[in-house]
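Asks: Sequence and predicted structure below; questions after.
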Amino acid sequence: MRLTSILSRFFSDGKESRNLIQILNQNLKSEESLRTRYIRQAQGIRSPQVATKLLELAQREAEHTAPLEEWIRKLGQEPDRQIEPAQPPAWTLGEILVQDYEEERRLYEAYLRQAKLIKNEELRALFQKMAEEAKKHLQELTDLYARYS
């Protein structure tokens, strides 16, 4: 069976179906990038409470990568985990949290859009779950900002 016919079972739009593996890999890279970002930020932040919360967020981002990798392999490809190393500039804590919020918001919106396009119930449920997790992260970042910046 041709890969495009396999992929067409997952998206309601044929054009999008050709991009499923690319989308999954991009989501994987985004999750991995956020994980790396949170770890590096935690290492440079003086507040132990904020550092602890960032490390918790990093751990949860790491947990998001496994199902994405599983789907990529299910579709016959190997996951592409190559990310650009993030070098955090010397920002204030408030600026760091705002940037983190924007990255989580971008990922949240992407998962919501993708869930609307997916025909496959299992993959739709995964994207909806990822969106819910990102929404929780947004609230946690909002709380950190209110409390520590």
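Replies: Arrived safely. Numbering: from 1, shown residues only.

Asks: where does this structure dip in pLDDT?
Replies: 1-18, 85-90 (pLDDT under 70).

Asks: Show me where this structure has its helices.
Replies: Per DSSP state H, the chain carries helices over the ranges 3-7, 14-17, 20-44, 48-74, 93-117, 121-148.

Asks: hey, which of those helices is tucked in deepest?
Replies: helix 20-44 (a mean of 20; mean count of other C-beta atoms under 10 Å). Glycine gets a C-beta too; all of them are placed from N, C-alpha and C.

Asks: just checking, what packs against it?
Replies: Counting contacts by 3 or more C-beta pairs under 8 Å, 6 or more residues apart in numbering; DSSP states H and E, helix 20-44 is packed against helix 48-74, helix 93-117.

Asks: From the centre of this protein outward, give me the first residue you hit.
Replies: Glu31 (3.4 Å; C-alpha atoms, centre = their mean).

Asks: Please give me every residue in contact with the nearest residue to that one once chain neighbours are set aside.
Replies: Excluding the flanking residues, the one nearest Glu31 by C-beta to C-beta, 6 or more residues apart in numbering is His64, at 4.5 Å. Contacts for His64 (C-beta atoms under 8 Å, 6 or more residues apart in numbering) come out as 31, 130, 133.

Asks: got the CA coordinates for stretch 132-148 in CSV?
Replies: Listed next in CSV are the C-alpha coordinates belonging to stretch 132-148 (Å, rounded to 0.1, in the frame of the first residue of the first chain):
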residue,chain,number,x,y,z
GLU,A,132,-4.7,19.8,27.4
GLU,A,133,-1.3,19.2,28.8
ALA,A,134,0.0,22.4,27.1
LYS,A,135,-2.9,24.3,28.5
LYS,A,136,-1.9,23.1,32.0
HIS,A,137,1.6,24.3,31.4
LEU,A,138,0.3,27.7,30.3
GLN,A,139,-1.5,28.0,33.6
GLU,A,140,1.5,26.9,35.6
LEU,A,141,3.7,29.5,33.7
THR,A,142,1.0,32.2,34.4
ASP,A,143,1.1,31.3,38.1
LEU,A,144,4.9,31.4,38.2
TYR,A,145,4.9,34.8,36.5
ALA,A,146,2.4,36.2,38.9
ARG,A,147,4.2,34.8,41.9
TYR,A,148,7.9,35.4,41.1
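
Asks: doesn't Leu68 make contact with Arg24?
Replies: No Arg there; residue 24 is Leu. Yes - using C-beta atoms under 8 Å, Leu24 is in contact with Leu68, at 5.5 Å.
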